[in-house]
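Participant: the sequence and its predicted three-dimensional model are supplied below.
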Amino acid sequence: MAFWGKQLVSYAKTGIEHCHGKTQERRLIQTNISVLIALVTILVFNLAFILLGNPGLIYSGLVQLPLLLLLPLVLWLNHRGKRHEATLTLFLLVMFDALIALMLAQGVTLGLQYYFLMFAVLPASYLDAKQWLTTALLFCSNLLLFGYFEVYGWQAHPSIAEVPTLTITLLRILMVGSCVTTVLVVILISEYYAAQNERELQYLADTDSLTGLPNRRAFMWKLERTVKDRRPFCLLIIDVDHFKQINDTTGHQAGDSALQFLASQLHAATQGEDFAGRIGGEEFAMVQFCASPLEHLTRAENLRKTIASAHPDLGAGPVRLTVSIGVCMATPPVSLIKIMAMADKALYQAKRNGRNCIQVAADQSPSQAQRQAVN
Ligand SMILES: Nc1nc2c(ncn2[C@@H]2O[C@H](COP(=O)(O)OP(=O)(O)OP(=O)(O)O)[C@@H](O)[C@H]2O)c(=O)[nH]1
């Protein structure tokens with residue numbers, strides 16, 4: 001089963017390497033899957049016609065055979081990167097196929113004219129907006145064909161009149177059912193791609209491309225949620241010391257590597273529901289959920305020490321990186337703006353204290369005992 005699933009996916013993606021973007025991929029997959037649906041539909045109907053043994057129905061199957069042989073042309077065009085030509089070929093082939101089968105054999109007895117209704121609607125989903133003229137032409141021509149056959153009808157091959165009414169009804173249900181199934185499959189593929197698109201765009205909108213951490217927007221959103229949830233937490237604002245110097249002496253590229261290194265340290269320091277983000281050029285933030293203020297301080301201090309002792313190699317030998325950390329404990333109810341301002345103020349105090357240290361926000365200073373425990 002898994003083997004056939006993989007085969008189906010690789011078949012559906014024929015020519016995907018020529019696509020730019022998810023919308024083109026979606027349209028290509030819809031075209032390839034439609035070829036498969038058309039092949040299966042024709043084969044199923046032909047088999048039913050042969051089993052029924054009616055000459056008119058068998059004849060109707062036979063006139064569709066050229067289409068069966070030409071459908072792989074659509075895949076070949078997609079494989080060659082000619083997506084638009086492939087889609088247009090698909091629509092023209094299936095339209096002619098339905099027209100020939102209806103006019104030469106089936107008439108409107110089995111409801112084949114409903115396919116024109118489907119071919120009128122689907123091009124809008126398959127073709128690009130700039131191909132609006134082709135889309136409009138396909139829409140109008142198919143709608144006219146449907147309208148004509150629905151209003152004036154078309155005589156079926158005389159022998160089809162011998163098929164029992166119940167069988168005709170079942171075949172009509174099968175015909176309309178195959179139309180509905182095709183439209184459903186096309187809608188499902190569209191929905192799947194729309195959801196995937198949204199996920200990818202959301203990821204890009206929320207992620208800092210250099211470090212892979214949530215960006216300021218995403219971090220602030222999570223912080224806001226935390227504040228609204230009225231959970232106690234601790235906010236750390238972490239700023240690299242003398243980062244301009246690192247950039248100036250080791251180069252901007254090495255500066256970027258330093259930021260990536262710090263992001264990995266922050267990521268490693270998160271536990272459970274903690275989260276971190278890059279909220280500015282060389283400024284990071286982290287929210288910790290711990291049992292006690294002492295634990296918050298211990299973890300902040302451990303993070304500072306780990307970074308200071310790491311001496312990462314940024315390309316031109318080991319570099320000493322240090323950070324200053326402003327710490328603010330939040331016990332609900334708190335305001336987001338206030339908590340950010342307090343942590344910021346604490347960070348600037350840490351800078352004034354000589355950098356490479358942590359500073360707890362004013363009026364939150366830990367007791368002497370806590371300081372000793374941390375040191
Ligand atoms: N390589 C690199 N540098 C960045 C990036 N974003 C900001 N910077 C640099 O970070 C430096 C920040 O410098 P300052 O604000 O003066 O701070 P600092 O040198 O770290 O000094 P203190 O914070 O006071 O210790 C500037 O030189 C920015 O160009 C980035 O994405 N990559």
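Facilitator: Noted; the coordinates are in hand.
Participant: what sits against residue 126?
Facilitator: Contact analysis of residue 126 by C-beta atoms under 8 Å, 6 or more residues apart in numbering lists 27, 30, 31, 34, 87, 90, 91. Using the backbone N, CA and C atoms, a C-beta is placed for each residue, glycine as well.
Participant: please disregard the earlier target; I meant residue 91.
Facilitator: The neighbours of residue 91, taking C-beta under 8 Å, 6+ apart as the test, are 119, 122, 123, 126, 138.
Participant: which other helices and strands does the lengthiest helix in the chain contact?
Facilitator: For the chain, the longest helix by residue count, based on DSSP state H, is helix 165-206. Judged by 3 or more C-beta pairs under 8 Å, 6 or more residues apart in numbering; DSSP states H and E, helix 165-206 is in contact with helix 22-52, helix 114-121, helix 216-228.
Participant: which residues are contacting the shortest one?
Facilitator: Think helix 114-121. So helix 114-121 is contacted by 91, 94-95, 98, 138-140, 142-143, 145-146, 149, 175-176, 179, 182-183 (C-beta under 8 Å, 6+ apart).
Participant: burial of residue 203, as a residue count?
Facilitator: 10 (other C-beta atoms under 10 Å).
Participant: per-residue pLDDT, it?
Facilitator: Turning to residue 203, the model gives it a pLDDT of 96.
Participant: with residue 372 instead?
Facilitator: With respect to pLDDT, residue 372 has a value of 38.
Participant: contacts only, for residue 243.
Facilitator: Listed by C-beta under 8 Å, 6+ apart, the contact set of residue 243 reads 255, 258, 281, 282.
Participant: okay, now the unreliable bits of the chain?
Facilitator: Counting by pLDDT under 70, the chain contains low-confidence ranges at 1, 363-375.
Participant: please list the residues of it that sit near the ligand.
Facilitator: 210, 239-244, 247, 252, 255-256, 259, 281-282, 351, 355 (C-beta under 6 Å from any ligand atom).
Participant: narrow these to those in strands?
Facilitator: 239, 240 (DSSP state E).
Participant: just the contacts of helix 114-121: which are in helices?
Facilitator: Using DSSP H, the contacts of helix 114-121 in helices are 91, 94-95, 98, 138-140, 142-143, 145-146, 149, 175-176, 179, 182-183.
Participant: surely residue 64 meets residue 100?
Facilitator: Yes - with contact defined as C-beta atoms under 8 Å, residue 64 counts as touching residue 100 (7.3 Å).
Participant: looking at these two, which one has more neighbours?
Facilitator: Using other C-beta under 10 Å as the criterion, residue 64 and residue 100 rank with residue 64 on top: 21 against 16.
Participant: contacting residues for the more buried one?
Facilitator: Here residue 64 is in contact with 42, 46, 97, 100, 101 (C-beta under 8 Å, 6+ apart).
Participant: how close does residue 32 sit to the ligand?
Facilitator: The gap separating residue 32 from the ligand is 42 Å, by C-beta to the nearest ligand atom, to the nearest Å.
Participant: count of neighbours near that residue?
Facilitator: Close neighbours of residue 32, defined as other C-beta under 10 Å, add up to 23.
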